[in-house]
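K.L.:
Predicted structure and sequence below. I'll ask about it afterward.
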Amino acid sequence: MPTSAARPAAVVVLAAGQGTRMRSTTPKVLHRLCGRPLIGHVLAAVEPLGAERLVVVVGYGADEVAAALPEGAETVVQAEQNGTGHAVRLALETLPSLDGPVLVLYGDMPLLTTATLRALLAAHTGDLTVLTAHLADPTGYGRVLRDDGGWVTAIVEEVDATREQRAITEINAGVYVFDAIALRAALTKVSAENAQLEEYLTDVVAILGGGVAVTTDAAEVDNVNDRAQLAAAAGALRDRLLREAMRAGVTVVDPATTWVDATVTLAQDATVEPFTVLRGTTSVAGGATVGPYADLTDTVVSEGATVRASTCVGAVVGADATVGPYAYLRPGTVLGPRAKAGGFVEIKSSTVGADSKVPHLSYVGDATIGERSNIGAATVVVNYDGVAKHPTVIGDDVRIGSDTMLVAPVEVGDGAYTAAGSVITKDVPAGALGVGRAYQRNVEGWVARRRGAEDATHDDEGAAQ
């Protein structure tokens, strides 16, 4: 008799279906929620179990699904969708010498947790252990049949169930642990004599003489079959992620208007204001505040920094730096400690040194800005000549006047200034003032001469207004 399984010998993930109810050319398991495809969430739950082999059964969009799998995952193609029993049989053919516990589950269960899978494995001491749940409305699920002692004797699919069996609220979650040798033998006895004309994996339960069950929270076992269920699963996962973050010491002011990916990291004492979206590998350090209305993707927000009403993609915001409102930090942007990217500022592929500021209405691209420098309003780093991008270097303690055009490649030395309204096309030496504008000319008496030629009644009308 097999002993309790702390680690599966293999995991088989069933991911061959198209998911016609999704009404999409994208394979169902590749539809995304909270930063991962459906199958990505399943594999994230499986990965800590340390299975010796991971086999994913693919079918529709096989190449796309295979490309989304982690290194080390093996695939087997189910060219014809002949049922779950057929899919598992194909998977076992790639594991001819497999011995020990085999975990089988579906690739469209994003809410399944590692803790539940560990509990299922811990309970496995025979040929079969099955995961079940109780649903108020079990429509669409296979029903679990038990004897008076609680032993699971069979699982009957809804289309094949009697009226009495359909009244059962305990459903099959589609997650099993089998003994590999027993499963291999049982699959040879599965037939397709049923309403669907398919080989049901659930028939193995009766063939093996039944097994034990582990019952879990119904929310964990929801499959995603259409876009409405995808959105509902995303909301449930969002709520779980934020609940875990808050219990770990993160302040989330309004969870209902906050969205986070499963891959986001929030440190203790970070604050997330309402209407904030955190995606990808974004991390927010302790003491930092993001939002309201922040949209961050693959961005690092360091200790004490603030990002308000801004979009950041692939950026690094240094300690105690400030961003926004209405700033756009594009990939490759690095703000140093206490730096500032203010209102309506766009920065791309640039480094802004410690204590330097780009306060408002400016564009900085492919530039390096030193420490304690200030970039005046409406400054534009003209980095693109229509063919190639060119660098701009601004030193320490520089003052760039408002409405300056810095035409790259150009360098402004330490302590230098540029006059407001200048077009700088040549390097400005350290400590110098760069002026690149026409001299002002005042035309004395121009207004009187110009207005004198107009109708005199115009002044009266203007004064009345």
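P.N.:
Everything's here; your move. Numbers count the residues shown, from 1 in each chain.

K.L.:
May I see the domains of the protein written out as residue ranges?
P.N.:
Annotated domains of the chain cover 10-227, 249-434 [automatic domain parsing].

K.L.:
low pLDDT regions in the chain?
P.N.:
Along the chain, segments meeting pLDDT under 70 span 1-5, 453-465.

K.L.:
Reduced to three states, what does Val42 come out as?
P.N.:
Here Val42 is recorded as helix under DSSP: H, G, I helix; E, B strand; the rest coil.

K.L.:
ok, it - contacts?
P.N.:
Val13, Leu105, Tyr106, Gly107, Asp108, Met109, Pro110, Leu112 (CB atoms under 8 Å, 6 or more residues apart in numbering). Glycine gets a C-beta too; all of them are placed from N, C-alpha and C.

K.L.:
right, and the pair among the residues you listed with maximum separation?
P.N.:
Distance extremes for the contacts of Val42: the farthest pair is Val13 and Pro110 at 12.7 Å, using CB to CB.

K.L.:
follow-up on the earlier one: so which of the domains of the chain is the most surrounded?
P.N.:
Stretch with highest mean neighbour count among these: domain 249-434 (a mean of 20; mean count of other CB atoms under 10 Å).

K.L.:
Give me the distance between the two termini of it.
P.N.:
One end of domain 249-434 to the other measures 51 Å (CA to CA, to the nearest Å).

K.L.:
for this structure, which helix is longest?
P.N.:
For the chain, the helix reaching the highest residue count under DSSP state H is reported as helix 227-247.

K.L.:
So which elements touch it?
P.N.:
Judged by 3 or more CB pairs under 8 Å, 6 or more residues apart in numbering; DSSP states H and E, the packing partners of helix 227-247 are strand 32-33, strand 251-252, strand 258-260.

K.L.:
helices or strands up against the next helix or strand after the longest one?
P.N.:
With elements assigned by DSSP states H and E, the helix or strand that comes after strand 258-260 is strand 265-266. Strand 265-266 sits against strand 283-284, with contacts defined as 3+ CB pairs under 8 Å, 6+ apart.

K.L.:
For the strand it packs on, what is the distance to the chain centroid?
P.N.:
Taking CA atoms, centre = their mean, to the nearest Å, one finds the center of strand 283-284 at 13 Å from the center of the full chain.

K.L.:
Can you tell me what sits against that strand?
P.N.:
Strand 283-284 is contacted from outside by Val264, Thr265, Leu266, Ala267, Ala270, Val272, Leu278, Val290, Leu296, Thr299, Val300, Val301, using CB under 8 Å, 6+ apart.

K.L.:
what do you get if the cut-off is 6 Å, keeping everything else the same?
P.N.:
Strand 283-284 is contacted by residues Thr265, Leu266, Ala270, Val290, Val300, Val301 when judged by CB atoms under 6 Å, 6 or more residues apart in numbering.

K.L.:
I'd like those residues as a markdown table, with distance to Val428 appended.
P.N.:
Formatted as a markdown table, these follow (distance: CB to CB, whole Å):
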| residue | distance to Val428 |
| --- | --- |
| Thr265 | 42 |
| Leu266 | 43 |
| Ala270 | 41 |
| Val290 | 37 |
| Val300 | 32 |
| Val301 | 33 |
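
K.L.:
immediately after the strand ranked longest in the chain, which helix or strand?
P.N.:
Taking DSSP state E as the criterion, the chain has its longest strand at strand 170-179. Later in the chain than strand 170-179, the nearest helix or strand by DSSP H and E is helix 180-187.

K.L.:
on contacts alone, who are the packing partners of the very next helix or strand once past that next one?
P.N.:
Once the chain leaves helix 180-187, the next helix or strand it forms, by DSSP H and E, is helix 203-207. Packing partners of helix 203-207 (3 or more CB pairs under 6 Å, 6 or more residues apart in numbering; DSSP states H and E): strand 152-156.

K.L.:
The helix or strand that the strand it packs on is followed by: how far from the chain's middle?
P.N.:
Following strand 152-156 in sequence order, the next helix or strand is helix 163-166 (DSSP H and E). Offset of helix 163-166 from its chain centre (CA atoms, centre = their mean): 41 Å.

K.L.:
could you dump helix 163-166 to CSV, C-alpha only?
P.N.:
Extracted C-alpha coordinates of helix 163-166, given in CSV (Å, rounded to 0.1, in the frame of the first residue of the first chain):
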residue,chain,number,x,y,z
ARG,A,163,-32.2,13.1,-11.3
GLU,A,164,-31.3,12.0,-7.8
GLN,A,165,-27.6,12.2,-8.5
ARG,A,166,-27.9,15.7,-9.9
